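1. Any chance you can model this:
(one chain, ligands or ions: 1)
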Amino acid sequence: MNIFFDVDETILGYDGSLRPLVKQTFESLVQEGHRIYIWSGVRTAETVRSEVVEPYGLTAYVTACYQKPRWDHRELLPRLGVDVEPDFCVDDYPEIVEVFGGILIKPYQRERPDADLERVLAAIRAATATSQSTPI
Ligand SMILES: [Mg+2]
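-> Coordinates of the predicted model:
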């Protein structure tokens with residue numbers, strides 16, 4: 001699946017700390033055949049890559065970065081250069097998840113122990129199993 005992760009409060013705290021289990025989760029997802037995309041409503045595709053993906057050592061796991069549409073989500077995808085279908089979104093904000101499907105993650109604001117990505121990974125695996133068992 002094409003799995004889209006938000007940045008702020010999803011994989012990154014406002015104190016600049018990377019959420020616990022991000023790398024491990026990304027590694028598992030890539031190994032299991034998924035493609036990871038990172039997008040942000042307050043950054044451009046370029047700054048998502050240069051300020052988040054590269055400095056936090058996530059480059060090997062990430063297929064592409066985008067600016068996330070903040071309204072008219074589906075309609076704005078082509079204008080923002082999003083040329084793949086988001087199959088599963090992970091976000092701390094409900095709207096994106098409601099539009100594209102996925103799962104709401106517990107907001108991560110600053111460095112602290114957190115294992116919500118375990119729940120997210122389980123949900124992605126469950127969604128994968130469901131989509132694979134659907135007859136074509
Ligand atoms: Mg967010």
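2. Please identify the buried residues of stretch 92-103?
-> If you call a residue buried by 16 or more other C-beta atoms under 10 Å, then stretch 92-103 has these buried ones: 92-93, 96-97, 100, 102-103. From N, CA and C alone the C-beta is placed, and that goes for glycine too.
3. Please list which of the residues you listed are also close to the ion.
-> With the criterion set as C-beta under 5 Å from the ion, the members of those near the ion are residue 92.
4. which one of the buried residues of stretch 92-103 is nearest residue 45?
-> For these, the closest approach to residue 45 (C-beta to C-beta) belongs to residue 96, at 16.2 Å.
5. Render the CA-only coordinates of whichever strand or helix holds the closest one in CSV, please.
-> Using DSSP states H and E, residue 96 maps to helix 94-100. Only the C-alpha atoms of helix 94-100 are listed here, as CSV (Å, rounded to 0.1, in the frame of the first residue of the first chain):
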residue,chain,number,x,y,z
PRO,A,94,-8.9,13.4,11.8
GLU,A,95,-9.8,15.1,8.5
ILE,A,96,-7.1,13.5,6.3
VAL,A,97,-7.9,10.1,7.7
GLU,A,98,-11.6,10.6,7.1
VAL,A,99,-10.9,11.5,3.4
PHE,A,100,-8.4,8.9,2.4
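6. helices or strands next to it in the packing?
-> Contact here means 3 or more C-beta pairs under 8 Å, 6 or more residues apart in numbering; DSSP states H and E; on that basis helix 94-100 packs against helix 73-76, strand 88-91, strand 102-104.
7. most tightly surrounded among the ones you listed?
-> Of all those, strand 88-91 has the most neighbours on average by mean count of other C-beta atoms under 10 Å, namely a mean of 24.
8. Right, I'll leave it there.
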